[in-house]
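>>> need a 3D model of the following:
(2 chains)
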Amino acid sequence: MLNAAYLRRSFGISGAAALFFIAGNSLAQKPTVVPKTFGDDYAGSEMCQLCHEDNFNSVTHVNAHRVLETDARYGYQGHVCEACHGPGAKHASTGDIAFIRFPSKLSAAATDKICLNCHLNQPTHAGRIQSTHAKNAVSCPNCHKMHVNGGTQLVARKNADVNALCEGCHANVKAQFEMPFRHRIPENAMKCVDCHNPHGTVRPTMTQTFAASEPGCLQCHGDKRGPFTFEHAPLQFDGCTACHEQHGSANPRMLIRPTVRQVCLECHANMPNALAGETKAMAVVPPAFHDLNSPIYQNCTVCHQKIHGSYADRFLIK
Amino acid sequence: MRRPTALELVATLIVLGAIVPRAAAQEPAAPAPAPTAAVSDTAAAAAPAPAAAAASPVPQASGESWLTGTLDVGFRFLPTPGGSFETYRTVVNLAQGVRLLGFDLTITEPSRKWFDTMHVRASGWGDPFPVFHFDAKKTGTYRLNVDYRGIALFDNLPVYADPLLASGITLDEQSFDIYRRITSVNLEIRPGTAFTPYVALERDSSSGTGVTTFQTGGNVYPIADTTDDATNLARAGFRAGFRHFDATFEEGYTNYRSDQNDSASGTNYGDSSAPVTGQTLDLTALLAGYGVRGHSNYTKAIITSSPFSWFDIYAQAMYTVPLANVNYQQYDTGNQVVLSQLLFYTGEQYLVSSTTRFPHTTANVGWEIRPHRRVRILQSWLTDRMTNTGSANQSDTVASAGSAASQTIAALDSSLAYHNSQAETNILFDAGHGLTIRAGYRYVWGTANDAVLPQNGLLTLEQDGLRRNVEMGTISWHSYRHPQLFLSGEAEVGESGGTYFRTSLYNYQRIRTMGRFSFWKRWQVSGDFRIMNNHNPLAGDSYKFVTHQESLTLIYTPRSKVFNADVTYEHCGYHSNVEFLVPESLTPGDSAFNENCHRISGMLNSSITGFHKRTITLEAGGAAVLTSGTNPTTYYQPTAKMMAPVAKNVALFAEWRYYGFGEAFYQFQSFRANLMTVGLRFSR
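Numbering: from 1, shown residues only, chains lettered A, B, ... in the order given. Sure thing, here's the model as predicted:
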């Protein structure tokens, strides 16, 4: 269970974490960008309440952002509205919307900057820089509704609501789930964020990770986890999508081709003029004695049943 | 068809029954004083938050109920589906009976003594995929999440695993009927404070039966199969948060077991009835079992920091070491043959013990620099390294009447090593008026080695390298003047100098455009177009594919709100071609796959106020999929729903669904089914 290599690596990571911890502590002593005193240009939440009572009630009573109103640590005590909308005294005195900031009408980067002023240093944002959402100008309010009057529900939590939210932009993915062989998204037995982290991860297409860096698919498909004594290499390199359509397919078991043979032979086929060296793809040589005219050989997984990896047989038969 | 046990249902009801009366017993407290509007001073802002401040009582909004929720219970009728019932179960798997269709409860404790809010949700109880969720929190003190999910997995398609189907013989060689349970419990202490420890337990288990194949002695036999596996994950860590710095450190331990038992009795002639040198092969008895035990430790550290207003950085490192130990035992009798030696035997004992170790390291660093208010530079680096080393000892003993037993002992070592890295830079320019332009470059490289020692037969040693240059660009426009207008275009071009597999991306171009626009105040239209073209030009690895999708969505929401409608249409195509040599003749062949599909879905929602001013809601719509090409398929899913209030907090609902599935080449797999559900919704 524990060995020297594991301890070395663990201590290495712990050491790095400690260094960052110390460095961060020292940096934390420096002046912050959050205003600690409010000038005449700030109106205060109670002033906002006079005209925007619904929003005030939702934010200060049931919304998670109420901590801004009550907790001095965030630097906006008594000014929860102005934490996001900016100084509001001029707007309050004139009623002119030109003097108030609407985050939803700012550029994605400017909007995110307002939210990240408090939320940047959170683990959910560790992969943000790599996420396609961040790169494609999808800002926080696209998914998070700030004035919602539903407890901590700044974002959809129920499976059906989460799926509807994602489908609002990803209509093509919604259509893929209408295929007969699919993950159970239309039945709301799952939600999109079971497989994807919308804030970004280290894995492609923002897929979730399980137990550190393993593919999130293994969260539910634990029997495919291994490690296998004899691995099927594409499972580790390309993941499940090497053979399966992850959303939905017209093919049984969500395969990328209608027959198993097609899936296998696209890699396992003798090729003319196979090149040597690094340009030669892996696993191009099939067992040449198979007579594919015989129906018994037409479905490879009838014999190679341990296709995800085998503990006992190098040819993935047992 | 596996349904949740009575015990599971009763346990849920007990939990709910315990929660609701307790919450109901709480007398509403007098509202606490309104929060002060006083401006915080500098010292208070810089100091760590006192827990008491974070947990201070907050007044309840006037008129707000401490308990809100809905409960949907009903009965589903399922007249016997027409066509293949096995396919119906594989695709739909909904059965007849009483169902807890939905339960949603939110409790706000007025005194906030034990919790601020509590959410309980459940759905699909009685169906193949029940869900339960419990969430309770007390600001600054704790947050507790409990999730349970059950998934009934059933698969028995005749054509999937029947090599003799073309001969008119229907076999059932690969099917399963498994129930999977996934549970997680997550507890955070003092969430939102400077130091937040947390602990979580997760369990994923499944058990069930099925049919699999047993390959031995020159033939393949369908046999009964039972599986039972479980993965337990315990993890704990802490988050330390400061104004410019946050660190998360987590340790986890996983243990894993997987048992599989196969058995057969009676004479089984298998898939091949052809005699071998005049003798018919058969299997008369089999006992085979896998015992897999594994565990892993992992360490995860995440650091995020924004030391300057123009600079953010994060880093994460993850290290895990899964290990597995396996015992496989197999005893079988019959008339079988070792083809390579033409050695006939009547009994076999095959034993394998193996062990595998699979260290896996992932590290990732990224930063964002904002040198100008309109310019952002995003850079990241990622490396992923894993090495699987396995060793197996095998002992195979065959015996026949009248001759001495023959034993073969082998020791095999396997190794799979993989290293993959990528570095990426993106520059984003805010051109003003909602226009954002991005240009980026990514370089991906890696190596892979796969070996089995000692070398024996095919596929013993392979090594390969990956090198890929990718250029990317995006233009997106979100109109300030018309906030409902959004347009985005994205392009990516990749060129490779080597890949691991011939079906991996090589030289590819990917384009995506999407837009959304609202007009006449009541209409919204959105469109999405994407195309991807990949071509591997190497003479030995020729492979090309094109995939494209075009979708259009129209939403109409009239002012009267009497009804609204949405409809989405999508056309998609997938065309691929891989050249290969037919194994037995070594003549060139093509693996071509073509699919054209049309998918349409829509829903019309209507609210009618009628008798006693009660509002009846009606919904009608559904989805249809038609594909043509290599595997023509049709799949229709129309539906209609109705909900009408019958008392103050009670509504009657009814739902009709139809499923129709057909395959042009396998018409015997088609099915059609009508489902009718009637029930009551209780709300508060």
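
>>> mean confidence for whichever strand or helix holds B:Gly589?
Element membership of B:Gly589, judged by DSSP states H and E, is strand B:588-609. For strand B:588-609, the mean pLDDT works out to 88.

>>> what residues of that strand count as buried?
B:Gly589, B:Ser591, B:Phe593, B:Glu595, B:Cys597, B:Arg599, B:Ile600, B:Ser601, B:Gly602, B:Met603, B:Asn605 (16 or more other CB atoms under 10 Å in any protein chain shown). All C-beta atoms are positioned from the backbone trio N, CA, C, and that covers glycine.

>>> closest one of those to chain A?
B:Arg599 (4.3 Å; CB to the nearest CB).

>>> the strand holding B:Gly589 and chain A, any residue contact?
Yes: applying CB under 8 Å from any CB of the partner chain, one finds strand B:588-609 touching chain A at B:Pro588, B:Gly589, B:Ser591, B:Phe593, B:Glu595, B:Cys597, B:Arg599, B:Ser601.

>>> how big is the angle separating the helix or strand following that strand from strand B:588-609?
Going down the chain from strand B:588-609, the next helix or strand is strand B:615-629, by DSSP H and E. Strand B:615-629 and strand B:588-609 are oriented at 170 degrees to each other (axes from the mean of the first three to the mean of the last three CA atoms, to 10 degrees).

>>> partner strands of strand B:615-629 and their direction?
strand B:588-609 (antiparallel), strand B:633-647 (antiparallel) (DSSP bridges).

>>> distance from the first one to the middle of the chain?
Using CA atoms, centre = their mean, to the nearest Å, we find the averaged C-alpha position of strand B:588-609 to lie 21 Å away from the chain's own average C-alpha position.

>>> let me know the pLDDT of residue 30.
Answering for chain A, as no chain was given. So, for A:Lys30, pLDDT stands at 39.

>>> nope, chain B please
36.

>>> residues of the helix or strand that contains B:Lys300 that come out buried?
Here B:Lys300 sits within strand B:282-308, counting by DSSP H and E. Within strand B:282-308, the residues that qualify as buried are B:282-284, B:286, B:288, B:290-292, B:294-307, counting by 16+ other CB under 10 Å.

>>> the helix or strand following it to strand B:282-308, inter-axis angle?
Reading on from strand B:282-308 to the C-terminus, the next helix or strand found by DSSP H and E is strand B:311-338. Between strand B:311-338 and strand B:282-308, the angle comes out at 170 degrees (the same axes, to 10 degrees).

>>> for the record, mean pLDDT for whichever helix or strand comes after strand B:311-338?
Later in the chain than strand B:311-338, the nearest helix or strand by DSSP H and E is strand B:343-357. Averaging pLDDT along strand B:343-357 gives 92.

>>> between strand B:343-357 and strand B:311-338, how many degrees?
If you take the same axes, to 10 degrees, strand B:343-357 sits at 160 degrees to strand B:311-338.

>>> burial of A:Val162, as a residue count?
Look at A:Val162: counted by other CB atoms under 10 Å in any protein chain shown, it has 21 neighbours.

>>> mind giving me the packing neighbours of whatever helix or strand it lives in?
With secondary structure defined by DSSP H and E, A:Val162 is part of helix A:159-167. The helices and strands touching helix A:159-167, judged by 3 or more CB pairs under 8 Å, 6 or more residues apart in numbering or on different chains; DSSP states H and E, are helix A:171-176.

>>> quick one: pLDDT of the residue most central in space within chain A?
With distances taken as CA atoms, centre = their mean, the residue of chain A nearest its centroid is A:Asn197 (1.3 Å). pLDDT recorded at A:Asn197 is 90.

>>> quick one: it and B:Arg502, what's the gap?
Separation of A:Asn197 from B:Arg502 (CB to CB, to the nearest Å) stands at 31 Å.

>>> likewise for B:Phe429?
Using CB to CB, we find B:Phe429 at a distance of 39 Å from B:Arg502.

>>> A:Leu120 and chain B, how far apart?
Noted for A:Leu120: a distance of 5 Å to chain B, by CB to the nearest CB, to the nearest Å.

>>> quick one: residues contacting the nearest residue to that residue once chain neighbours are set aside.
Leaving aside its sequence neighbours, A:Leu120 sits nearest to B:Ser306 (CB to CB, 6 or more residues apart in numbering or on different chains; 5.3 Å). Neighbouring residues of B:Ser306 by CB atoms under 8 Å, 6 or more residues apart in numbering or on different chains: A:Leu116, A:Leu120, A:Asn121, B:His244, B:Asp312, B:Ile313.

>>> redo those as CSV? Include neighbour count.
Shown next, in CSV, are the contacts of B:Ser306 (neighbours: other CB atoms under 10 Å in any protein chain shown):
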residue, neighbour count
A:Leu116, 18
A:Leu120, 19
A:Asn121, 25
B:His244, 23
B:Asp312, 24
B:Ile313, 18
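
>>> got the residues you listed as a markdown table, with pLDDT and distance to B:Asn449 columns?
Shown next, in a markdown table, are the contacts of B:Ser306 (pLDDT from 0 to 100; distance: CB to CB, whole Å):
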| residue | pLDDT | distance to B:Asn449 |
| --- | --- | --- |
| A:Leu116 | 81 | 42 |
| A:Leu120 | 71 | 40 |
| A:Asn121 | 65 | 39 |
| B:His244 | 76 | 43 |
| B:Asp312 | 87 | 37 |
| B:Ile313 | 89 | 34 |
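
>>> just give me the closest of the residues you listed to B:Arg376.
Closest approach between the contacts of B:Ser306 and B:Arg376, by CB to CB: B:Asp312, at 9.9 Å.

>>> and stretch B:465-485, how far out from the chain's middle?
Centre-to-centre, stretch B:465-485 and its host chain are 27 Å apart (CA atoms, centre = their mean).

>>> only the C-alpha atoms, please, for that stretch, written as CSV.
Coordinates of each C-alpha in stretch B:465-485 appear next as CSV, following Å, rounded to 0.1, in the frame of the first residue of the first chain:
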residue,chain,number,x,y,z
GLY,B,465,5.4,8.9,-30.7
LEU,B,466,3.0,11.8,-30.9
ARG,B,467,3.8,15.2,-32.2
ARG,B,468,1.1,17.7,-33.1
ASN,B,469,0.9,21.4,-33.8
VAL,B,470,-2.5,23.0,-33.4
GLU,B,471,-3.4,26.6,-34.3
MET,B,472,-6.7,28.0,-32.9
GLY,B,473,-8.7,31.1,-33.3
THR,B,474,-12.1,32.4,-32.1
ILE,B,475,-14.2,35.5,-32.9
SER,B,476,-17.2,36.1,-30.7
TRP,B,477,-19.5,39.1,-30.6
HIS,B,478,-22.0,39.8,-27.9
SER,B,479,-23.9,42.9,-28.9
TYR,B,480,-24.3,45.6,-26.2
ARG,B,481,-27.1,47.2,-28.1
HIS,B,482,-29.0,44.0,-28.6
PRO,B,483,-28.1,41.8,-25.6
GLN,B,484,-29.9,38.9,-27.1
LEU,B,485,-27.6,38.8,-30.1
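
>>> direction included, what does the biggest strand by length in chain B pair against?
The longest strand of chain B (DSSP state E) is strand B:403-432. If you go by DSSP bridges, strand B:403-432 pairs up with strand B:375-400 (antiparallel), strand B:435-453 (antiparallel).

>>> mean neighbour count and mean pLDDT added to the ones you listed, as CSV?
CSV is the format used below for the strands paired with strand B:403-432 (neighbours: other CB atoms under 10 Å in any protein chain shown; pLDDT from 0 to 100):
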stretch, mean neighbour count, mean pLDDT
strand B:375-400, 18, 92
strand B:435-453, 18, 90
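
>>> closest one to A:Phe315 among those strands?
strand B:435-453 (9.9 Å).
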